[in-house]
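In: structure, please.
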Amino acid sequence: MNTEENKQLVREFWESFTAADIEKAFTYLDDNVVWRSMGVEGELPVSGEMDKNGIGELIKNVKVAIPKGLELKMLGFTAEDNRVANEVESYGELTNGKIYKNLYHFFIEISNGKIIKIKEYMDTIHVKKIFVD
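Out: Just a heads-up that it's a prediction; the model follows:
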């Protein structure tokens, strides 16, 4: 795949993620995908690594916490070879009335038309305030 096809694959993955369509999201993921959410491991429920099944659980949990849907606004893409850097802004209203609005940088690696690795950088303090405190 070329860099434009890789960026499109990432866009389509995020569309299925926000639609809470786990089956479709899985079509973009390699069976051995690893999603690493940066942060001090163990400090937040979202820090550490997830496999494909963990990503499915994340999609379910986001839908439960934000039933109107999590909006992901694509702010930018940079791609080289099999890597896509993706800047994203989220917005969602939780069932308890809190607003989740975070900024992310995702570093995504692709092989044979599937996402094999996602590294997520975000404001972990905001996550803690909204989901933990």
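In: can you pull out the strands in this protein?
Out: In the chain, strands defined by DSSP state E lie at 29-37, 48-50, 71-80, 83-93, 99-100, 103-111, 114-122, listed in chain order.
In: show me what counts as buried in stretch 111-128.
Out: 114, 115, 116, 117, 118, 120, 122, 124, 127 (16 or more other Cβ atoms under 10 Å). Where you see a C-beta, it was placed from the backbone N, CA and C, and this is true even at glycine.
In: let me have these in TSV, extended by distance to residue 66 and pLDDT.
Out: Below are these laid out as TSV (distance: Cβ to Cβ, whole Å; pLDDT from 0 to 100):
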residue	distance to residue 66	pLDDT
114	27	98
115	22	98
116	27	98
117	25	98
118	20	98
120	17	95
122	15	92
124	18	84
127	13	86
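In: Serialize the residues you listed to JSON lines and add fields for distance to residue 39.
Out: JSON lines is the format used below for the buried residues of stretch 111-128 (distance: Cβ to Cβ, whole Å):
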{"residue": "114", "distance to residue 39": "26"}
{"residue": "115", "distance to residue 39": "21"}
{"residue": "116", "distance to residue 39": "21"}
{"residue": "117", "distance to residue 39": "17"}
{"residue": "118", "distance to residue 39": "14"}
{"residue": "120", "distance to residue 39": "9"}
{"residue": "122", "distance to residue 39": "8"}
{"residue": "124", "distance to residue 39": "4"}
{"residue": "127", "distance to residue 39": "8"}
